[in-house]
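Trainee: Predicted model follows, preceded by the sequence.
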Amino acid sequence: MGSMIGKISEELPRHEVLAKTAAYEIRKYAPCVVAETNYVSKGMMDQGGSSPFMQLAKFIGVMATPENEGAAPIAMTAPVLMSHAPAAPPGTGDGDVAYKMAFFLPASRFSTAADVPAPTSPQVSIADVPARTVAVVRFSGTMKAASIGEREARLREALKVDGVQTAEGAEAMAAGDNPP
């Protein structure tokens, strides 16, 4: 990822800040397209040997020929999104959970999943993400499960105190970048 003195220089998902407090922001994101892969792990950031990040990086052509139809390079964007996936496949380790990692694809280049060159790896898929409104807490430091869980609890409490209604079953997602 390119950055200069901690400033992100990659394209970010298009969004508008609807409200801002000391504890969080409410953002409305435009529809977008992601490249995603599922992985199984004991924690969202514990990627084990499967390296979902590298599967996605190979798709866009980071450090190698892009692994997509036409071998078309795709610019890196920020942040990288991690969330829970539907379910871990049978036979995975005790305590393993299914996760999904996604790269936002440049909106300046791709409006829909149909615009994106098809991945050559069966582990990578392309998906349209509809417009959505989310509550966001920004932080620096570790993205370990305990840290994410603690911030999620504080965010949910702040939203509750402020009377902000959340969607039933709304899950926490972690979106990270790595500036110096």
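Mentor: All right, it came through fine. Numbering: from 1, shown residues only.
Trainee: so A102 sits in a strand?
Mentor: Yes. Judged by DSSP: H, G, I helix; E, B strand; the rest coil, A102 forms part of a strand.
Trainee: Looks to me like L155 is in a helix.
Mentor: Yes. Assessed by three-state DSSP, L155 belongs to a helix.
Trainee: longest strand in this structure, by residue count?
Mentor: In the chain, ranked by residue count with DSSP state E as the criterion, the top strand is strand 32-41.
Trainee: Now do it: which elements does it pack against?
Mentor: Counting contacts by 3 or more C-beta pairs under 8 Å, 6 or more residues apart in numbering; DSSP states H and E, strand 32-41 packs against helix 52-60, strand 97-104, strand 125-129. Every C-beta, even on glycine, is put in place using the N, C-alpha and C of the backbone.
Trainee: mind checking how far it is from the chain centre?
Mentor: Relative to its parent chain, strand 32-41 has a centroid offset of 8 Å by C-alpha atoms, centre = their mean, to the nearest Å.
Trainee: before we move on, what about stretch 99-107?
Mentor: In terms of C-alpha atoms, centre = their mean, the centre of stretch 99-107 is set 5 Å apart from its chain centre.
Trainee: So what touches that stretch?
Mentor: With C-beta atoms under 8 Å, 6 or more residues apart in numbering as the test, stretch 99-107 has contacts from 11-14, 30, 32-41, 44, 47, 52-53, 56, 59-60, 74-85, 116, 126-127.
Trainee: Let me see the ranges of the strands in the protein.
Mentor: With strands called from DSSP E, the chain shows them at 3-4, 7-8, 15-20, 25-29, 32-41, 80-84, 97-104, 125-129, 132-136, 174-176.
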